[in-house]
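**Student:** give me coordinates for this.
(one chain, ligands or ions: 1)
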Amino acid sequence: MAVTDPIRLTNLLASSRFLKACRREATDATPIWLMRQAGRYMPEYRALRAKHSMLDLCKNPALACEVTMQPMQLGVDAAILFADILLPLEPMGAPFEFAKGEGPVVHDPIASRAQIDALRVIDADDGLGYVLEAIKTIKKELNGRVPLIGFAGAPFTLASYLIEGGKSTHFAKTKKLMYGDPDSWNALMGKLAEVVRRYLVAQIAAGADCVQLFDSWVGQLSPDDYREYVQPHVKHVLSGLGHEVPIIHFGTGTSTLLELQREAGGDVIGLDWRTPLADGWKRVGHDRAVQGNMDPTVLFAPLDVVKKHAKRVLDAAGGRPGHIFNLGHGILPETPVATVKALVDFVHEASSKK
Ligand code: CP3
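**Tutor:** I've put the predicted structure just below:
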């Protein structure tokens, strides 16, 4: 039966495993969701992609809702909005495409101060209204079953795509601007941070129950450089979101940055698989929740190996309230769906307090 009473719906969600774990409250079992849980490893997703481009899926709220719902059959404890971290770049004045086999391509990468000055500091309504519509559509479709996670890219990760024009190995152009022209760097990061802050505030207002900031490539930086060139901008985003919903702060390759990420903000800190979970949590501090951290490639192994690794992660968390099981980074495209389903079931069973 549909729950239509907004107060009942709010209560239902507040007692969800996922949101309780974000608040470090005890749960009946460890919640699990997976980064990139909607995507190419699922046959249903590939079937839709055969008919629509990636950007069409993002820009059509009904389709974005359909894709968001696809992994719900796996029994995960949260849904994540189907969108992409790069979407704000287009209305800011830096259009891009997802080129086949190449990943994202920004048509006119940032190479001058004039280009930075020309970027627009937009409101989410101004060019990203389709994402907010998608959130409203998904919330109706979920009907309180599980919480919905909204998200955005963090300033450093977005700046790296804007400057490199796509994916990068050494981030040399990005760092050249950062070290060589800190004034322009801060102008660019400041604009990105304010757009991301407004975008996440709008996602929360549209109904997101939690938001995750993806700083996927920030592990490229030393702690000193993170503190100097990035942390103030992440603080600007995360201190400007209010306290209505929990915030997940995620990065990869961050084993030396965890304390600084914690300082920058977030109720939940993401850990990748390179940092053993128990060590990572100690460094983050037990007064914050953590999310992670199985290696996504373990999902290509036989089930007994997958279970061994999942168990290791659960044991490292030691049943302490405030652990959200996830991979250390997104699911890879060729991952077997049956293994993903088996992982979700295993995490619930092995952590069950009943
Ligand atoms: O997690 C989810 O299920 C929600 C959807 C989601 C996508 N991208 C869909 C997507 C999320 C949360 C993202 C975030 C994202 N996008 C990040 C941060 C997370 C991470 O993985 O580090 C980054 C760096 C991007 C940028 C991006 N988008 C890249 C590098 C690529 C190409 C790489 C690839 O996997 O092909 C994309 C495209 C993209 N975003 C796809 C999906 C499902 C594949 C598009 C397709 O169908 O071809």
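
**Student:** only C-alpha atoms for contact and neighbour calcs from this point on.
**Tutor:** OK.

**Student:** which residues of the protein lie near the ligand?
**Tutor:** By CA under 6 Å from any ligand atom, the residues of the chain that approach the ligand are 35-40, 54, 80-85, 103-104, 214, 216, 330.

**Student:** can I get the buried part of those residues as one PyMOL selection?
**Tutor:** Buried residues among the residues of the chain next to the ligand (16 or more other CA atoms under 10 Å), as a PyMOL selection:
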select buried, resi 35+36+37+38+39+40+54+80+81+82+83+85+104+214+216+330
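
**Student:** just the residues of the chain next to the ligand: which are in helices?
**Tutor:** M54 (DSSP state H).

**Student:** please, where are all the helices along the stretch 1-150 of the chain?
**Tutor:** Using DSSP state H, counting those that start in this stretch, the helices of the stretch 1-150 of the chain run over 6-14, 17-22, 43-49, 54-59, 61-69, 89-92, 113-118, 129-142.

**Student:** of those, which stretch is the most buried?
**Tutor:** The densest packing among the helices of the stretch 1-150 of the chain, expressed as mean neighbour count by mean count of other CA atoms under 10 Å, is seen in helix 17-22 with a mean of 24.

**Student:** ok, which of the helices of the stretch 1-150 of the chain comes nearest E228?
**Tutor:** Relative to E228, the nearest member of these by CA to CA is helix 113-118, separated by 19.9 Å.

**Student:** packing partners for the closest one?
**Tutor:** If you count contacts as 3 or more CA pairs under 8 Å, 6 or more residues apart in numbering; DSSP states H and E, helix 113-118 packs onto helix 182-206.

**Student:** one step back: output the helices of the stretch 1-150 of the chain in CSV; the columns should cover mean pLDDT and distance to R262.
**Tutor:** Compiled in CSV, the helices of the stretch 1-150 of the chain are given as follows (pLDDT from 0 to 100; distance: least, CA to CA, whole Å):
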stretch, mean pLDDT, distance to R262
helix 6-14, 71, 24
helix 17-22, 98, 14
helix 43-49, 98, 35
helix 54-59, 97, 31
helix 61-69, 98, 29
helix 89-92, 98, 27
helix 113-118, 98, 29
helix 129-142, 98, 28
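
**Student:** distance to V230 added to these, as JSON lines?
**Tutor:** Supplementary listing: the helices of the stretch 1-150 of the chain in JSON lines, determined by distance: least, CA to CA, whole Å:
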{"stretch": "helix 6-14", "distance to V230": "33"}
{"stretch": "helix 17-22", "distance to V230": "25"}
{"stretch": "helix 43-49", "distance to V230": "35"}
{"stretch": "helix 54-59", "distance to V230": "28"}
{"stretch": "helix 61-69", "distance to V230": "31"}
{"stretch": "helix 89-92", "distance to V230": "19"}
{"stretch": "helix 113-118", "distance to V230": "17"}
{"stretch": "helix 129-142", "distance to V230": "26"}
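
**Student:** out of those helices, which gets nearest to R312?
**Tutor:** R312 lies closest, by CA to CA, to one member of the helices of the stretch 1-150 of the chain: helix 17-22, at 18.9 Å.

**Student:** quick one: the closest one to chain centroid distance?
**Tutor:** Computed by CA atoms, centre = their mean, to the nearest Å, the chain-centroid distance of helix 17-22 equals 16 Å.
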